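J.: Any chance you could fold what I've pasted below:
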Amino acid sequence: MADIVQAAKLLGDARRVVVFTGAGISAESGVPTFRDALTGLWERFDAQSLATPRAFQDQPDLVWGWYEWRRHRVSTVSPNPGHRAVAAIETRVPGTVVITQNVDDLHERAGSRDPVHLHGSLFAPRCSGCGEAVALPPATEEPDAGRRVQPPTCVRCHRLVRPGVVWFGEALPEAALEAAARAASACDVLLTVGTSGMVYPAAEIPRIAARAGAAVIQVNPHATPMDSVALVNLRGSAGRILPELVTKAWPGAAADDPAAAPS
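T.: Okay, the predicted model is just below:
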């Protein structure tokens, strides 16, 4: 109880906030984590073997089909109270920056404005040749067992369109990483939520904030390498802890209503 009161005081007094999220917050909505057991066509493959430039080069229809299957799965779930509480923090602390390792769009659907996607997005495909952003193809009902799907072709250079995610062996988007590091180095409080703290270079973001003097608050059901970095560790799910944290930081305001004004 004392820990969440301390965290709420830090958050309520903050003028510059960063919220850094990982797979845990989306798993609460029913989004499978990257390494969850695969089914149907996908159970023949290790997830890592489908997430490489070489895999796309060798079997583009297999890789595109897997990402379409993942995109469809995301489209069938909804943001949870944790996502909505993050959007509420943005309303209460103007200029809050949301940085996510997730490739889904649940933060956007919850009301967050322009989250920084460190690992790309299932909803931002681009050309594998010229890198041009490409509009999403129409959504389709993907079978549970999965299927091969031929990727579309870029109208500009006629190369195949690829998923807009960061694959193994690829660098994080430079602009996103720079924006994340800049925000972390300038914030008063950084909330790290549902992330293992083990995937680099993304895991360096809370450490940048701590070195710059920010208070790091961790929300996670389990111990992580971030325990030693965080000033306050709140054990529990994002969907339970974040709404309570918002309510305590701004008494009288609805924790899951991003449009509500602070009291």
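
J.: Contacts for the helix or strand encompassing Ile99 next, please.
T.: Secondary structure assignment for Ile99, by DSSP states H and E: strand 97-100. Contact with strand 97-100 is made by 17-22, 86, 90, 107, 112, 115-118, 179-180, 183-184, 187, 205, as judged by C-beta atoms under 8 Å, 6 or more residues apart in numbering. (Glycine included, C-beta is placed from N, CA and C.)

J.: Mind doing that once more with 6 Å?
T.: Val18, Val19, Phe20, Thr21, His107, Ser112, Pro115, Val116, His117, Ala180, Ala183 (C-beta atoms under 6 Å, 6 or more residues apart in numbering).

J.: pLDDT on the helix or strand that that strand is followed by, on average?
T.: For strand 97-100, the following helix or strand on the C-terminal side (DSSP H and E) is helix 106-110. Average pLDDT, helix 106-110: 98.

J.: Show me what helix 106-110 is packed up against.
T.: helix 81-92 (3 or more C-beta pairs under 6 Å, 6 or more residues apart in numbering; DSSP states H and E).

J.: If we use 10 Å, what do you get?
T.: Contacts defined by 3 or more C-beta pairs under 10 Å, 6 or more residues apart in numbering; DSSP states H and E place helix 106-110 against strand 17-21, helix 23-27, helix 60-75, helix 81-92, strand 97-100, strand 116-117.

J.: could these be laid out in a markdown table, adding mean neighbour count, mean pLDDT and distance to Gln6?
T.: What follows is the helices and strands packed on helix 106-110, written out as a markdown table (neighbours: other C-beta atoms under 10 Å; pLDDT from 0 to 100; distance: least, C-beta to C-beta, whole Å):
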| stretch | mean neighbour count | mean pLDDT | distance to Gln6 |
| --- | --- | --- | --- |
| strand 17-21 | 28 | 98 | 16 |
| helix 23-27 | 24 | 94 | 22 |
| helix 60-75 | 20 | 93 | 35 |
| helix 81-92 | 26 | 98 | 17 |
| strand 97-100 | 26 | 98 | 22 |
| strand 116-117 | 24 | 98 | 27 |
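
J.: out of those, which comes closest to Trp250?
T.: helix 81-92 (5.6 Å; C-beta to C-beta).

J.: circling back: which one of the helices and strands packed on helix 106-110 lies nearest to Gly213?
T.: Among the helices and strands packed on helix 106-110, strand 17-21 sits nearest to Gly213 (C-beta to C-beta), with 13.2 Å.

J.: Against which helices or strands is that closest one packed?
T.: If contacts are counted by 3+ C-beta pairs under 10 Å, 6+ apart, strand 17-21 sits against helix 81-92, strand 97-100, helix 106-110, helix 174-186, strand 189-193, helix 204-211, strand 215-220, helix 238-249.

J.: one more time with 7 Å
T.: helix 81-92, strand 97-100, strand 189-193, helix 204-211 (3 or more C-beta pairs under 7 Å, 6 or more residues apart in numbering; DSSP states H and E).

J.: Thank you, goodbye.
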